[in-house]
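# 3D model of this:
(one chain, ligands or ions: 2)
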Amino acid sequence: MAFWSFISHPKLLGLLSLLLVCPATSTTGIRLGVVRWPSPELPSFREAPAFRNGDECGSTEADRINVAMTLDANYLRGTMAAVLSMLQHSTCPENLCFYFLSAHDLPELNSSIKSTFPYINFKIYQFNPNWVRGKISKSIRKALDQPLNYARIYLAHILPSDVGRVIYFDSDIIVVDDVAKLWGVDLEGKVVAAPEYCHANFTLYFTKKFWSDPKLSNTFKSRSPCYFNTGVMVMDVDKWRREGYTNKVETWMLVQKIKRIYHLGSLPPFLLALAGNIKPVDHRWNQHGLGGDNFEGKCRSLHPGPISLLHWSGKGKPWLRLDSRKPCIVDHLWAPYDLYRSTSHFFEE
Ligand SMILES: *[C@@H]1O[C@H](CO)[C@@H](O)[C@H](O)[C@H]1NC(C)=O
Ligand SMILES: *[C@@H]1O[C@H](CO)[C@@H](O)[C@H](O)[C@H]1NC(C)=O
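Ligands and ions are numbered 1, 2, ... in the order given. Next comes the predicted model:
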């Protein structure tokens, strides 16, 4: 896959960052004299306070925690809240390095993050939507078909080569625990760690056509596959690169193009490549489904048990439901992390 070589990041960046905790520091540390205001299409946000490391925190390469998320104008409010929640609950917030994946080269996104979180280490990476354009099949919900939704498949190619492990988070999450606990999971040789749901009926994620064709369904033969949600994953990026998982996931997307073997978006090809072969993480790290189902986004209540992460997967998003003044009870758990500055009445239609 020679075409990846042009996106791999210059070694120069690595040299610049030798003395720093996170490679992103080399760019975010530079203060420019020009202040750029967010463009009118982007919502505007309050500046988050500075969060500082506790005394027990190290400051070496080995102490850094890599978090990747997508960055998109429509979900920006969610991303901002998610970042704030992580910083707020971290013992060592300065060790967090954020890798944002964006489908557009928008300098405004950069300045929006910078003005909201002047103290975080971050860098924006370009995800080229053309990599997936011919590979996406229509799913049951239009939002799932956005190319950026597939960016997580390409993490291993987009991130600089010195990133060996990364946590991937969707933009509709709130972390209410120290993310270092998730970061520290022992992958035990697996390429991905995530909460696993073995009580969910796995059969339902694939079509009859899939299950009735042994050439396809035999892929699960030697595994005991369980559903997992790709909105929260710890990924061994080195192993992913070495074992060519991008190609495995892409191959299933091409099968889907021809045979329609599932109905959802970027999730099923991940299940096909990895289900039954991941490191399970405690369910507290993904209280998912708070956005309701894929059709109506009805209110859902919390599952019993301790919670480290809340996830508004499904159609309903807390910021939209709060704005519409018809929030679900769980949306009030999201609201305290909302940095949206609602003074911009001239944006209203
Ligand atoms: C973001 O802004 C910084 C300066 O604050 C700059 O060095 C960097 O190249 C910008 N990144 C992108 C992706 O625009
Ligand atoms: C799972 O769903 C399939 C397809 O609807 C059904 O045939 C099967 O009985 C279900 N399995 C369980 C354990 O409920």
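# How about residue 330, nearest residue that isn't a chain neighbour?
residue 290 (4.9 Å; CB to CB, 6 or more residues apart in numbering). Just so you know, the C-beta spots here come from the backbone N, C-alpha and C atoms, and that holds for glycine as well.
# quick one: the one you found and residue 300 touch, right?
Yes: using CB atoms under 8 Å, residue 290 is in contact with residue 300, at 5.7 Å.
# Now do the shared contacts for these two.
Residues touching both residue 290 and residue 300 by CB atoms under 8 Å, 6 or more residues apart in numbering: 314, 328, 330.
# which stretches of the protein aren't confidently modelled?
With pLDDT under 70 as the threshold, the chain has low-confidence stretches at 1-40, 140, 297, 343-349.
# tell me, what residue is most central in it?
residue 169 (2.8 Å; CA atoms, centre = their mean).
# I'd like the distance between that residue and residue 202.
From residue 169 across to residue 202, the span is 24 Å (CB to CB, to the nearest Å).
# circling back: quick one: which of residue 290 and residue 300 has more around it?
Between residue 290 and residue 300, residue 290 has the larger neighbour count (other CB atoms under 10 Å), namely 28 against 20.
# What ranges does this protein have for its helices?
Ranges of helices within the chain are 11-16, 25-28, 76-89, 107-116, 155-158, 179-183, 208-211, 214-217, 237-242, 245-259, 267-274, 318-323, 331-334, based on DSSP state H.
# and of these, who's closest to ligand 2?
helix 208-211 (8.5 Å; CB to the nearest ligand atom).
# Tell me the buried residues in the closest one?
Neighbour counts over helix 208-211 (16 or more other CB atoms under 10 Å) mark residue 210 as buried.
# unless I'm mixing things up, residue 314 is touching residue 264, no?
No: contact criterion CB under 8 Å: residue 314 and residue 264 do not qualify, at 11.6 Å.
# what residues are shared contacts of those two?
residue 294.
# ok, the residue nearest to residue 241 when sequence neighbours are not counted to residue 336 distance?
Nearest in space to residue 241, with sequence neighbours left out and distances taken as CB to CB, 6+ apart, is residue 156 at 4.5 Å. In this view, residue 156 and residue 336 are 34 Å apart by CB to CB.
# who has more neighbours, these two?
A count of neighbours by other CB under 10 Å puts residue 156 above the other of residue 156 and residue 336, at 24 against 11.
# Run through the residues that contact that one.
235, 237, 240-241, 245-246.
# Specify which member of those is nearest to ligand 1.
residue 237 (20.2 Å).
# just checking, that closest one touches residue 167?
No: at 10.7 Å, residue 237 and residue 167 do not qualify as touching, with contact defined as CB under 8 Å.
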